[in-house]
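> for reference, the sequence and a predicted model appear below.
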Amino acid sequence: MENRQTFSLVTVTALYMAVKLFEPKKKACLELGVLARLGRGVFVEHDIIFMERFMLHVLEWRLQTPTAMSFVRYLMSLLPAESLANVDDCETVMELARFQTELAVQDSRLFTTPASVLALAALQNALKAQVGGSLLPKELQESLFR
């Protein structure tokens, strides 16, 4: 019986870690209390936190490295709100950038290109397509795209 309880706790903890790692902060609303209720009294919030720390220790903190899309989301969040005023649809920019990062993953010539560089190029292209120009300052563009 204890193995089933441990398995349930590990499963819920892995779900919690995946949501924290891969979901954008604005969309991630999975709370520990909700997850603890999934355990139907077998474990509590503290148990999930303990198991998360244990799993991180066992994995030696080797989790998924950031993807190009995680960098795109982060870079979009850094753009000043006033610079996005000319963008009709930020979701379209995100979709264009997502499409380009997915294409880049399939191109063997780009395998060694850091995800952050792919993200920056995809975001730059998506913004140009959406607003007809770049929202990045000229000096930043020149230093990044040499």
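Great, that's in hand. Numbering: from 1, shown residues only.
> and the pLDDT at Ala115?
Looking at Ala115, its pLDDT is 89.
> enumerate every residue touching it.
Ala115 sits next to 65-68, 70-71 when contact means Cβ atoms under 8 Å, 6 or more residues apart in numbering. Heads up, the C-betas are built off the backbone N, CA and C, glycines and all.
> against Val12, how distant is it?
Ala115 sits at a distance of 29 Å from Val12 (criterion: Cβ to Cβ, to the nearest Å).
> closest one to Gln5 out of the contacts of Ala115, please.
Distance to Gln5 across the contacts of Ala115 (Cβ to Cβ) is lowest for Thr65, with 32.1 Å.
> what are the phi and psi angles of that closest one?
Main-chain torsions, Thr65, degrees, to the nearest 10: phi -70, psi 160.
> with Trp61 instead?
The phi/psi pair for Trp61 (degrees, to the nearest 10) reads phi 60, psi 20.
> select from the contacts of Ala115 the one having the most neighbours.
Within the contacts of Ala115, neighbour counts (other Cβ atoms under 10 Å) peak at Ala68, which reaches 26 neighbours.
> that one and Ala104 touch, don't they?
Yes. Ala68 is within contact range of Ala104, at 6.8 Å (criterion: Cβ atoms under 8 Å).
> give me the number of residues near Leu32?
For Leu32, using other Cβ under 10 Å, the count is 16.
> look up the closest residue to it, ignoring the ones flanking it.
Spatial nearest neighbour of Leu32, excluding adjacent residues (Cβ to Cβ, 6 or more residues apart in numbering): Glu45 at 4.2 Å.
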